[in-house]
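Trainee: missing the sequence, but the structure's below:
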């Protein structure tokens with residue numbers, strides 16, 4: 001297939017997933033539309049397709065309103081929060097020690113300073129959960145305030161945990177300053193709901209009966225409020241385009257194109273389901289390749305290899321180095337490639353070198369649109385992965 005054909009197909013994929021569908025939270029109706037779309041796409045290319053289903057919650061957060069002295073302060077619901085309508089005295093808390101000393105019975109906790117410098121990891125997140133985060137959550141659950149307001153430096157939710165039952169919102173430091181300079185009662189209303197739902201990983205296989213396999217993966221869900229072009233419609237597009245390029249006779253192993261569902265969901269249910277079923281025995285996995293955040297304009301493509309022996313490095317390095325606009329970088333540990341790396345499976349990860357500078361300002365926001373995508377960079381990654389897959393037969 002010629003590059004111009006790939007460009008046309010990629011534009012169709014990105015437009016459907018990121019523009020027509022847009023936000024696609026795990027368990028939501030939009031997420032299920034993507035599941036169905038990619039399932040049919042792979043089947044049309046002759047791949048065997050498995051839908052690996054799992055239970056999850058579909059969170060339906062609408063809005064929030066905070067009132068102080070008859071003035072409305074603009075706030076946003078924390079991701080996965082429960083709803084509430086509460087009025088009570090608020091208590092300002094800046095440190096863990098202050099939190100330990102606070103009486104929060106029937107009160108609203110206003111957290112700021114040291115307590116809101118970074119996102120508090122979800123209780124059930126298995127790969128990274130600092131003791132300080134666990135301590136903060138434990139104290140809050142023991143003291144059980146009526147609600148929580150977090151005053152934040154950056155526009156992002158401090159709590160992102162569907163298992164954390166205390167209602168919460170976040171507010172910018174500028175807007176929240178009035179609370180920090182005063183005392184009194186506030187009224188907080190959060191309109192939010194959650195329903196039992198399900199999601200699925202979409203696993204497409206070529207030569208499915210072969211024992212050995214090479215896995216190429218990307219995640220297909222988003223966070224709240226983002227069309228997710230770079231994160232990660234481009235990753236989805238890479239896998240769908242590869243399904244056009246690799247034929248059974250090109251390889252002597254199983255090619256698994258794995259679209260995981262839940263990387264941006266608090267408890268990563270799709271990732272855990274895949275690990276439990278397919279990563280207990282790993283000796284037959286030749287290589288894992290992850291694509292996340294590929295194609296940022298005015299940015300080189302960033303690549304790193306981990307758990308690769310010298311033979312695999314000697315095989316891969318020339319392919320990557322011969323493609324202009326690709327740079328090797330130090331390992332990073334956020335992403336689905338870690339599912340494989342933690343099992344000591346040879347792993348390659350593709351992203352954009354500039355992605356780390358815009359995580360808080362563009363990625364995971366409404367600004368992550370197709371206008372940021374450099375189509376040529378995405379197609380180059382497709383061609384590099386195609387070459388890697390085919391060279392493994394040799």
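Mentor: Okay, I see it. Nothing here was measured: the structure is a model prediction, and the numbers come from that model. Residues are numbered from 1 along each chain as shown.
Trainee: can we go C-alpha only for contacts and neighbour counts from here?
Mentor: Fine.
Trainee: What distance do you get for residue 317 to residue 309?
Mentor: 12 Å (CA to CA, to the nearest Å).
Trainee: These two - which one has more neighbours?
Mentor: Applying other CA atoms under 10 Å to residue 317 and residue 309 shows that residue 317 carries more neighbours, namely 13 against 10.
Trainee: For that one, list the residues it contacts.
Mentor: With contact set as CA atoms under 8 Å, 6 or more residues apart in numbering, residue 317 has no partners.
Trainee: got the buried residues for the helix or strand hosting it?
Mentor: Taking DSSP states H and E as the criterion, residue 317 maps to helix 310-321. Within helix 310-321, the residues scored as buried using 16 or more other CA atoms under 10 Å are 312, 316, 320.
Trainee: what about it, average pLDDT?
Mentor: Mean per-residue pLDDT for helix 310-321: 94.
Trainee: Which strands border the following helix or strand past it, and is each parallel or antiparallel?
Mentor: Next along the chain after helix 310-321, taking DSSP H and E as the criterion, comes strand 326-328. Strand 326-328 has these partner strands in its sheet, going by DSSP bridges: strand 301-306 (parallel).
Trainee: and the strand it pairs with, average pLDDT?
Mentor: Taken as a whole, strand 301-306 has an average pLDDT of 95.
Trainee: just the helices in the stretch 251-394 of the chain please.
Mentor: For the stretch 251-394 of the chain, helices defined by DSSP state H, counting those that start in this stretch occupy the ranges 269-278, 310-321, 337-341, 375-391.
Trainee: before we move on, which element is residue 128 in?
Mentor: For residue 128, there is no helix or strand it lies in under DSSP H and E.
Trainee: Out of the buried residues of helix 310-321, which comes closest to residue 224?
Mentor: The shortest approach to residue 224 among the buried residues of helix 310-321 belongs to residue 320, at 34.0 Å (CA to CA).
Trainee: ok, that closest one to residue 98 distance?
Mentor: 52 Å.
Trainee: residues of stretch 125-133 that come out buried?
Mentor: For stretch 125-133, a neighbour-count test (16+ other CA under 10 Å) marks residue 133 as buried.
Trainee: okay, how far is it across it, tip to tip?
Mentor: Distance across stretch 125-133, first residue to last, is 11 Å (CA to CA).
Trainee: Show me what that stretch is in contact with.
Mentor: With CA under 8 Å, 6+ apart as the contact definition, stretch 125-133 has outside contacts at 120, 121, 122, 123, 266, 267, 268.
Trainee: Just the buried ones from those?
Mentor: Looks like the contacts of stretch 125-133 have 120, 121, 122, 123, 266, 267, 268 buried, using 16+ other CA under 10 Å.
Trainee: domains for the protein, by residue range?
Mentor: As given by automatic domain parsing, the domain ranges for the chain are 3-58+197-391, 70-181.
Trainee: looking at those domains, which is closest to residue 190?
Mentor: Closest to residue 190 of the domains of the chain is domain 70-181 (CA to CA; 4.8 Å).
Trainee: Quick check: end-to-end length of the closest one?
Mentor: Taking CA to CA, domain 70-181 runs 16 Å from one end to the other.
Trainee: For that domain, give the mean pLDDT please.
Mentor: 95.
Trainee: Could I get the full set of strands for the stretch 101-250 of the chain?
Mentor: 108-111, 147-152, 168-172, 185-206, 213-219 (DSSP state E, counting those that start in this stretch).
Trainee: just checking, what packs against the shortest one?
Mentor: Helices and strands touching strand 108-111, by 3 or more CA pairs under 8 Å, 6 or more residues apart in numbering; DSSP states H and E, are strand 84-93, strand 147-152.
Trainee: what comes into contact with it?
Mentor: So strand 108-111 is contacted by 88-94, 145-151, 186 (CA under 8 Å, 6+ apart).
Trainee: Recalculate using a threshold of 6 Å.
Mentor: The contact list for strand 108-111, computed with CA atoms under 6 Å, 6 or more residues apart in numbering, reads 90, 91, 92, 93, 94, 145, 146, 147, 148, 149, 150.
Trainee: farthest-separated two in those residues?
Mentor: Longest span within the contacts of strand 108-111, CA to CA: 94 and 146, 17.9 Å.
Trainee: who's more crowded, the two?
Mentor: residue 146 (22 against 15).
Trainee: What residues does the more buried one make contact with?
Mentor: Neighbouring residues of residue 146 by CA under 6 Å, 6+ apart: 106, 107, 108.
Trainee: As TSV, those with neighbour count and distance to residue 257 would be great.
Mentor: Shown next, in TSV, are the contacts of residue 146 (neighbours: other CA atoms under 10 Å; distance: CA to CA, whole Å):
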residue	neighbour count	distance to residue 257
106	16	51
107	21	50
108	26	47
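Trainee: Out of those residues, which is nearest to residue 46?
Mentor: When the contacts of residue 146 are compared for distance to residue 46 (CA to CA), residue 108 wins out at 56.5 Å.
Trainee: what about the closest residue to the closest one other than its chain neighbours, neighbour count?
Mentor: For residue 108, ignoring the flanking residues on the chain, the nearest one in space by CA to CA, 6 or more residues apart in numbering is residue 90 at 4.5 Å. Other residues lying near residue 90 total 24 when counted by other CA under 10 Å.
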